[in-house]
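Undergrad: fold the following, please.
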Amino acid sequence: MKWIPRDLAMERLGVKSQTLYAYVSRGAIRSRPDEHDSRISLYSTSDIDSFVERRRTGRNRTEIAKAAIAWGDPVMETAITTVRDGTLVYRGQCAITLAETATLEEAAAILWQTEEYPDISPVLTAVPGAAAKSRLLSSLAAQAATALPGFGRGHETLVLDGARLLDSASHAITRHAANIPFHTRLARFWGVGADAEDLIRRTLVLLADHELNASTFAARIAASTGASLAACALAGCATLTGPLHGEATARALAYLRHAVETRPNTALAALAARGERVPAVGHPLYPDGDPRAAALITWLSPSRPVENAIAGAEDAIGKPANIDMALAALTVELGLPEDAPFMLFASGRMVGWVAHAIEQLTSGKLIRPRAKYVGD
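TA: Reported below is the predicted structural model:
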C-alpha cells in the first residue's frame with residue numbers, strides 16, 4: 001500500500017485540510033504517522049483513489065449498499081469497536097495493548113460499558129454432549145428457548161444477563177464451575193501450565209470483538225428483533241461454525257501440521273494439487289498485516305518448524321499471516337485439541353456478541369434491509 005503526504009492528498013481530493021481531516025475521522029480515508037517523523041501524517045492512496053472514483057461516478061444508494069455488504073463502506077454505527085490505521089480498537093483502547101494485561105472479563109466490562117464486571121454466582125447446569133462445541137451450542141439453545149426477551153430491559157440488567165451467559169458458556173465448554181476467570185478454566189480443561197494459561201488469556205481478549213463481522217452481524221440482527229441475549233449469542237455462534245468464518249482456522253491447522261511434519265513447500269504443493277488456496281494469510285481490513293496475529297505470534301515465540309511453515313505460507317501469497325494462522329500455531333505449540341481454535345474464538349467472541357446485542361437492543365431499531373430482485 002502506498003502512502004502520500006497531506007499536501008498531495010489534498011491535491012488529489014481537491015479539498016482543504018479540514019475536509020481531509022473529516023474524511024479521516026469518519027474512516028473514509030486511512031492515515032498513519034510517517035516512519036521518520038511521527039508529527040507528519042501520511043494518507044492511503046488506495047482510499048483516496050476509491051473516494052475520488054466514487055465521487056466521480058456518483059454511485060446511487062443501491063450501488064453503495066451492494067458494495068458495502070462485502071468488505072465495503074461502513075453500514076452501521078457503533079461505539080464498540082473499530083479497525084482504523086491497522087489497529088483494532090475497543091472503545092478507544094488498543095486491543096493489542098489491552099490483551100497484554102487484561103482478562104476476558106475485564107475486556108467485557110469495557111465493551112459492555114460497565115464500571116466493573118458483575119459478581120455473579122456460578123451457573124451449575126448439566127449440559128450433555130461429548131464435544132465442547134456441541135455442549136456450547138446445546139447450552140445456548142436451551143437458554144434461548146426459555147430466556148426473557150431482551151426487548152425493554154435496561155442496560156445494567158442486560159449486563160448481568162451477559163455475565164451469566166458468559167459464565168454458562170464457560171461451564172458448558174469446560175464443565176468447570178467456579179469464580180475464576182474464563183482463561184483459567186480453559187487452561188485447566190486442556191491441562192496446560194501457567195505460561196500457556198497466560199497465552200490463552202491474551203488470545204481471548206484479542207478475539208473479544210472485531211467490528212461488524214458475519215457472526216456479530218447475525219447477533220445484532222437477532223437483537224434488533226428484541227430477542228434474548230442467549231438467542232443473540234446462539235445466532236452468532238451458529239454463524240461462527242461456517243467454514244468461511246470461525247472454522248477457517250481448521251484449514252490453517254491442517255496446513256501447519258502438514259508443513260511441520262514434512263516441509264512448507266510440500267504442504268503448499270499439496271494444497272495446489274487439490275485446488276485449494278493457501279489458508280490464513282492476508283486480511284481485507286489489514287492491508288499491512290493483521291496486528292492480532294503479529295502480537296500472538298510474537299508472544300508465542302514459535303519453534304523453528306512452525307515459524308518456517310508460517311513464513312512459507314506468507315511468501316507463497318506475499319501477504320502476512322492472519323489471526324487464523326496464529327490460532328493454528330498456538331494450538332500446535334501448546335498441544336491443544338483440534339477444536340481448540342474454534343472454542344477460543346467462540347469463547348472470546350461471546351463478549352463481542354453480547355456487547356453488540358446490548359447496543360442494538362438499547363437502540364430499539366429493527367435491522368431490515370431490502371433485497372434487489374434479479375430473478376425472472
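Undergrad: quick one: the helices in the stretch 51-200 of the chain, in order.
TA: Under the criterion DSSP state H, counting those that start in this stretch, the stretch 51-200 of the chain carries helices at the ranges 61-68, 95-99, 104-111, 132-146, 155-174, 182-190, 194-206.
Undergrad: for the residue nearest to Leu88 when sequence neighbours are not counted, what are its contacts?
TA: Distances taken as C-beta to C-beta, 6 or more residues apart in numbering put Ala95 closest to Leu88, at 4.2 Å, once the chain neighbours are dropped. The way it works is simple: take the backbone N, C-alpha and C, and place the C-beta from them, glycine included. Applying C-beta atoms under 8 Å, 6 or more residues apart in numbering to Ala95 gives the contacts Thr81, Thr87, Leu88, Val89, Val205, Leu206, Ala208, Asp209, Arg292.
Undergrad: for this protein, which helix is longest?
TA: With DSSP state H setting the assignment, residue counts place helix 340-363 as the longest helix in the chain.
Undergrad: can you give me the buried ones in that helix?
TA: Using 16 or more other C-beta atoms under 10 Å as the burial criterion, the residues of helix 340-363 that qualify are 340-361.
Undergrad: hang on, the earlier thing: looking at the contacts of Ala95, which are in strands?
TA: Judged by DSSP state E, the subset of the contacts of Ala95 located in strands is Thr81, Thr87, Leu88, Val89.
Undergrad: mind giving me the domain split of the protein?
TA: Here the chain is described, according to automatic domain parsing, as comprising the domains 3-58, 75-376.
Undergrad: remind me what the helix or strand containing Asp47 packs against, helices and strands.
TA: Secondary-structure element containing Asp47, defined by DSSP states H and E: helix 45-57. With contacts taken as 3 or more C-beta pairs under 8 Å, 6 or more residues apart in numbering; DSSP states H and E, helix 45-57 sits against strand 3-5, helix 6-13.
Undergrad: partner strands of the shortest one and their direction?
TA: Sheet pairing of strand 3-5 (DSSP bridges) gives strand 41-44 (antiparallel).
Undergrad: for the partner strand, output the C-alpha coordinates as CSV.
TA: Taking only C-alpha atoms (Å, rounded to 0.1, in the frame of the first residue of the first chain), the coordinates of strand 41-44 have been written out as CSV:
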residue,chain,number,x,y,z
SER,A,41,0.7,12.1,8.8
LEU,A,42,0.6,10.1,5.6
TYR,A,43,-2.6,9.1,3.7
SER,A,44,-3.6,5.9,1.9
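Undergrad: what's the mean pLDDT across that strand?
TA: The average of the pLDDT scores along strand 41-44 is 89.
Undergrad: quick one: buried residues of that strand?
TA: Within strand 41-44, the residues that qualify as buried by neighbour count (16+ other C-beta under 10 Å) are Ser41, Leu42, Tyr43, Ser44.
Undergrad: again, but for stretch 199-215
TA: For stretch 199-215, using 16+ other C-beta under 10 Å, the buried residues are 199-213, 215.
Undergrad: closest to Ile4 out of those residues?
TA: Proximity of the buried residues of stretch 199-215 to Ile4 was ranked by C-beta to C-beta; the top entry is Glu211 with 26.0 Å.
Undergrad: so which strand or helix has that closest one?
TA: Remark: Glu211 resides in no helix or strand, with elements defined by DSSP H and E.
Undergrad: now do the same end-to-end measure for stretch 77-92.
TA: Between the start and the finish of stretch 77-92 there is a gap of 15 Å, counting by C-alpha to C-alpha, to the nearest Å.
Undergrad: what does that stretch rub up against?
TA: The set of residues external to stretch 77-92 that reach it, using C-beta under 8 Å, 6+ apart, is 27, 30-32, 94-96, 98, 107, 110-111, 113, 206, 208-212, 285-289, 291-292, 352, 355-356, 359.
Undergrad: mind redoing it with 6 Å?
TA: Identification of contacts with stretch 77-92 by C-beta atoms under 6 Å, 6 or more residues apart in numbering yields Arg30, Arg32, Cys94, Ala95, Ile110, Leu111, Asp209, Glu211, Leu285, Tyr286, Asp288, Ala355.
Undergrad: how many other residues sit next to the fifth one?
TA: Close neighbours of Ile110, defined as other C-beta atoms under 10 Å, add up to 22.
Undergrad: and for the first one?
TA: Residues lying near Arg30 (other C-beta under 10 Å) number 21.
Undergrad: could you check the pLDDT of it?
TA: Residue-level confidence at Arg30 comes out at 87, pLDDT.
Undergrad: phi, psi for the residue nearest the centre of the chain please.
TA: Among the residues of the chain, the one closest to the centroid is His210, at 3.4 Å (C-alpha atoms, centre = their mean). Dihedral angles phi and psi of His210 (degrees, to the nearest 10) take the values phi -150, psi 60.
Undergrad: closest to Ala326 out of the contacts of stretch 77-92?
TA: Tyr286 (12.5 Å).
Undergrad: quick check: which ranges of this structure have low pLDDT?
TA: Along the chain, segments meeting pLDDT under 70 span 1, 57-74, 123-124.
Undergrad: phi and psi next, for Ala147.
TA: Per-residue torsions, Ala147: phi -70, psi 150 (degrees, to the nearest 10).
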